[in-house]
Structure formats: structure tokens, C-alpha cells
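A.B. asks: model this:
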Amino acid sequence: MASSSCHRYLTVTPLSCTKLHFSASRRTSLPVNRRSFSISATMASPTKKVLIPVAHGTEPFEAVVMIDVLRRGGADVTVASVENQVGVDACHGIKIVADTLLSDITDSVFDLIMLPGGLPGGETLKNCKPLENMVKKQDTDGRLNAAICCAPALALGTWGLLEGKKATCYPVFMEKLGATCATAVESRVEIDGRIVTSRGPGTTMEFSVTLVEQLFGKEKAAEVSAPLVMRSNPGDEYTITELNQIDWSYESTPQILVPIADGSEEMEAVAIIDVLRRAKANVVVAALGNSLEVVASRKVKLVADVLLDEAEKSSYDLIVLPGGLGGAEAFASSEKLVNMLKKQAESNKPYGAICASPALVFEPHGLLKGKKATGYPAMCNKLSDQSHIEHRVLVDGNLITSKGPGTSLEFALGIVEKFYGREKGLQLAKATLV
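C.D. replies: Numbering: from 1, shown residues only. So this is what the prediction gives:
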């Protein structure tokens, strides 16, 4: 996909009801390298304002985690498309609707500008002159800039903001980062003065929590990180726990259904879709209700491939539910979806859920009978069998469950492992820096 320029357009294409075709309470200690501890003192506005620009080809998991976590922290986050429309076709066919066009807010002031990675999205951000001007002014005025994945090298480095700075980025861009006169380091998150950089999808949550700390302080960062169920050992090889092992079979390509609804947890939904499409599974994202566009739990707007009414006509090798309180409640109330899940289970075909959905969808509809499951810590008291709730990812025969946002990449990798084998799971874990 070619990079797009960042000019002002007079019209915005609305993305709504038609089918669109875009090509636990434990505090986690984050391994962050720091060369400054006083950045937040430079912030002027009482409400912290954050800009996250997106483009066609942006890495969706990075963008969505940044938006979600910063909003959890209390920041006023603006998602701005640098394209000529608010709808962007992110990597892996994931469709995101921005809040506004960047061209409409170039005079706005932000406490933090965060750049996601992904290709060709990173190149598009680099070539967007209004964004470059905003980021350079941000730096001159002593406010925070942050970038992850390819964006430190392609954008911040190319714009001359990393000279003499320590910075990190996605491994294959390290040589390019060094060529920008930055000192390239392999930290998962690196802070140097007013600039924070990170490596890729698997480091995005640590990156985002670090930026919550920069804006709001350590106490708020701890408050935000605890419910995310983040890994205590980031970078270590992921593991899953398996009981009653069976083979998960498919004919040529795994056919996977991921339902979404208003209130679904966007980090979990996007992690599942992103990783399984990287594995080359055929993932169908189906919206409950009458609109393809859903507003997720932290107000990220996602666009499904089809409505559930259409998806119901096909059969699937796996049906897997993201969490999010509102989304899980919508799933549990959908007779159509519940019947699909029951048929899946009765046929001994794989089904799964993460976060609130095991307790709010599977448990009340008898889908955990005779099964061991895990789920979001605060919801596990609703499970009739709580004997295995400590596990981050748990497979019991044809059922897979997991705990929450911070386990969502491991959960998706566990699904990859069941369909394609451990080697494929580890390959994708390395590519995503899990």
C-alpha cells in the first residue's frame, strides 16, 4: 500500500452501517531505562491531552493498546487519521475509525504525542509534514514525544529528534536507528529526556504504562497496570497450561470467528485478530447488532467484516470471544451467538474466551460444564469450578480461556500453537516481541 500524503480534505467518508472494504491486582515492575525523571514537571495543562496519529498500515495492536491504556489513566486521547478519511485500514485487515483528521487539529497543543509503528503506516507518518511540524514543536516546547516499533527510526530519527539520544525500536530497524545519530539500545522501553521509545507489539503495554507514569506519576501507573494482568516476566518464553489434550483439526486453513460488540475489550479483540491473521488463519470479525461499527470499552471504534447474522451461515474451526464487560453482556444476551457456541461445543469443536466472557457468557449457558477454565480475576468468583483460575492461558480439550488484556497475546499465541504447533507459536512470539 502506498504511503499517503497528509493534506486537508473538505469531506470525511462516514463509516457506519454499510459493509466496508478496507484493503489482577498485582503490581508489575517494568524494566525501563531512564535518563530523566522529571518530564511530567514540564506539563502545563491540568487535563493531560494525548495525540495518537494513525494511518493505513498502522500496527493495530500498538495503536489500540496506547489508546486504551492512556484513557484508563485519565488522559484525553485524540486518535487522528493522517489520511483523507477517518477510517483507516490498519495492518492485518483491522479497520479502525479515528476521532478526527489530523489536518483539522494541527494547531492543537498536546502533552504527549505517541506514534505507533507498522508498515506502511510508519512511512506515512514520517512523510506527513504537518505531523512532523507538530512533533518538532512538541520537542522545542519541552513536551513529551513517544514512538514504538519502526516509528523511532523512521519518524523521530529521520526528523532529527534522536541525535545524541538513547533510543530503541523494532529489531530490524536498529541499524537505521543508529544511522540517525541515536545510540541504539535493546531496552523494551527507553526514556531519554522528553523522548520515550519502545520495540513492538509485545512491549506496547509496558510502553503505555510508562507514559501514564510520565504524565500522572507512579501511583496512577500502578493503579492502571494492576487490572491489566501484565506479565511479571516480559520477554520470557510464553507458556500455556493444557489439560485433556486433543488435536485441533482443520481442512486447509483454520476458519475462526471473532464476535465483537459495543463494550468489547479492544486490546483483547485486536490481539486475537492480529496474531491469528499473522498466522494466516481466516479470521472473520462479526458484529452483533445492526451496524458493522462498534464502540469498544475504551471508545476505540472498530469495524467488523460482517454482521453476526451473515457469519451464522458458515461453520468455524474456532469461535473465540474477547472480554470487556459490556461486550460480554451483549454476547450472553445474544441467542444467536449462544446457540452457535452450544453447537460448537456439542460437536467437540474448539471454542474460547478471555477476561469477563468465560464467567459471563460460558458459565451461565452451561459451556463450562465438566471443564476447567480461567478468566478475569475479579470475575472468577462466578465460575462454579475455580480450581485452575491461576493460569494465564488454560486449554482443556476443545476449550481455551485466559485472564485479561495483559494475557491476550499469550492467549492468541496459544490458539496458534493448538492449530499450527509450538514452533509456529514461538516464531510469532519472537516476531511480536512477546
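A.B. asks: can you give me the helices in the stretch 251-400 of the chain?
C.D. replies: Applying DSSP state H, counting those that start in this stretch to the stretch 251-400 of the chain gives helices spanning 266-278, 308-311, 325-333, 335-346, 357.
A.B. asks: between helix 266-278 and the strand or helix carrying Ala63, find me the angle.
C.D. replies: According to DSSP states H and E, Ala63 maps onto helix 60-72. If you take axes from the mean of the first three to the mean of the last three C-alpha atoms, to 10 degrees, helix 60-72 sits at 170 degrees to helix 266-278.
A.B. asks: Leu257 is nearest to which of the helices of the stretch 251-400 of the chain?
C.D. replies: Minimum separation from Leu257 across those (C-beta to C-beta) falls at helix 308-311, 5.9 Å. Where you see a C-beta, it was placed from the backbone N, CA and C, and this is true even at glycine.
A.B. asks: pull out the buried residues from the closest one.
C.D. replies: The neighbour-count criterion (16 or more other C-beta atoms under 10 Å) identifies 308, 311 as the buried residues of helix 308-311.
A.B. asks: and for stretch 135-146?
C.D. replies: Buried, per 16+ other C-beta under 10 Å, within stretch 135-146: 135, 138-139, 143-146.
A.B. asks: likewise stretch 198-218?
C.D. replies: 198-216.
A.B. asks: next one: it to chain centre, how far?
C.D. replies: Put simply, stretch 198-218 sits 13 Å off its chain's centre (C-alpha atoms, centre = their mean, to the nearest Å).
A.B. asks: before we move on, what about stretch 233-249?
C.D. replies: 21 Å.
A.B. asks: stretch 217-226 now?
C.D. replies: That offset, for stretch 217-226, works out to 19 Å (C-alpha atoms, centre = their mean).
A.B. asks: send the alpha carbons of it over as PDB?
C.D. replies: Output of stretch 217-226 as PDB, limited to C-alpha atoms (Å, rounded to 0.1, in the frame of the first residue of the first chain):
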ATOM      1  CA  GLY A 217       3.000   9.700  38.300                       C
ATOM      2  CA  LYS A 218       3.900   6.300  39.800                       C
ATOM      3  CA  GLU A 219       0.700   5.800  41.800                       C
ATOM      4  CA  LYS A 220      -1.500   6.300  38.800                       C
ATOM      5  CA  ALA A 221       0.700   4.000  36.700                       C
ATOM      6  CA  ALA A 222       0.400   1.300  39.400                       C
ATOM      7  CA  GLU A 223      -3.400   1.800  39.500                       C
ATOM      8  CA  VAL A 224      -3.700   1.400  35.800                       C
ATOM      9  CA  SER A 225      -1.300  -1.600  35.400                       C
ATOM     10  CA  ALA A 226      -2.800  -3.800  38.100                       C
END
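A.B. asks: buried stuff in it?
C.D. replies: 220-221, 223-226.
A.B. asks: likewise stretch 147-163?
C.D. replies: 147-159, 161-162.
A.B. asks: over to stretch 323-338?
C.D. replies: 323-332, 334, 337-338.
A.B. asks: how about stretch 338-352?
C.D. replies: 338, 340-341, 344-345, 349-352.
A.B. asks: between the residues you listed, which is nearest Asp68?
C.D. replies: Using C-beta to C-beta, those come closest to Asp68 at Gly352, 21.0 Å.
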